[in-house]
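# Model the structure of this input:
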Amino acid sequence: MDCKKIFEKFEDGKAFVKTTERPAIEGVQKAALNRKGNMLFNSGDAEAARRIFLTTGYSDGLSRIGDYYRSQGRILDALRMYWIAPDRNKAEPLIMRCAVMLQDIIHKEEDGEVHE
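Take a look at the predicted model:
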């Protein structure tokens, strides 16, 4: 992908391109970033740690962010972190929980119990 051609489409040069590719990070730099992310997480800044762990692809850190989100009741955010990690052992129970909730909504709607 030629990013310069993509940005040429925007006259003011202010554009954001989201990619699914992680940047190439050397082992030493990746380790340093993961340490920084761990420090941030341990000091209570889970969001900054999340950004670092997503960048480096640090699965243990992403799983811990998922645990944090789960403890905060942010189930879908937790599921996303577990899925990216990938930590299927933690993701599966949340997937099942979401499936049960959706089934309940569908059954209530079929019975005419759901009102807008």
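
# Now the longest helix seen in the chain: average pLDDT?
When the chain is scanned for its longest helix (criterion: DSSP state H), the result is helix 88-110. Mean per-residue pLDDT for helix 88-110: 92.

# now do stretch 42-53
Stretch 42-53 shows a mean pLDDT of 97.

# ok, residues contacting the longest helix of the chain?
With contacts defined as Cβ atoms under 8 Å, 6 or more residues apart in numbering, helix 88-110 is touched by 63, 66, 67, 70, 75, 76, 78, 79, 82, 83, 114. Placement of C-beta: from N, CA and C, glycine included.

# Is there a quick PyMOL command that grabs whichever of the residues you listed are buried?
In PyMOL, a selection of the buried entries from the contacts of helix 88-110 looks like this (16 or more other Cβ atoms under 10 Å):
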select buried, resi 63+66+67+70+78+79+82+83
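
# so which pair among the contacts of helix 88-110 is furthest apart in space?
63 and 114 (34.7 Å; Cβ to Cβ).

# still on that earlier bit, give me the buried positions along the longest helix of the chain.
Neighbour-count burial for helix 88-110 flags 90, 91, 94 (criterion: 16+ other Cβ under 10 Å).

# Out of those residues, which is nearest to residue 31?
Residue 31 has its nearest neighbour among the buried residues of helix 88-110 in residue 90, at 24.2 Å by Cβ to Cβ.

# which secondary structure elements does the helix or strand that contains residue 76 contact?
Secondary structure assignment for residue 76, by DSSP states H and E: helix 75-84. Secondary structure elements in contact with helix 75-84, counted by 3 or more Cβ pairs under 8 Å, 6 or more residues apart in numbering; DSSP states H and E, are helix 59-71, helix 88-110.

# Identify the residues contacting that helix?
Helix 75-84 is contacted from outside by 50, 54, 62-63, 65-70, 88, 90-91, 94-95, 97-98, using Cβ under 8 Å, 6+ apart.

# Convert that helix to CSV, retaining C-alpha atoms only.
Backbone C-alpha positions of helix 75-84 (Å, rounded to 0.1, in the frame of the first residue of the first chain) are rendered in CSV as follows:
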residue,chain,number,x,y,z
ILE,A,75,-17.6,-7.1,29.0
LEU,A,76,-17.4,-6.3,25.3
ASP,A,77,-14.1,-4.5,25.8
ALA,A,78,-12.8,-7.4,27.7
LEU,A,79,-13.9,-9.8,25.0
ARG,A,80,-12.1,-7.7,22.4
MET,A,81,-8.8,-7.7,24.4
TYR,A,82,-9.1,-11.5,25.0
TRP,A,83,-9.8,-12.1,21.3
ILE,A,84,-6.8,-10.0,20.2
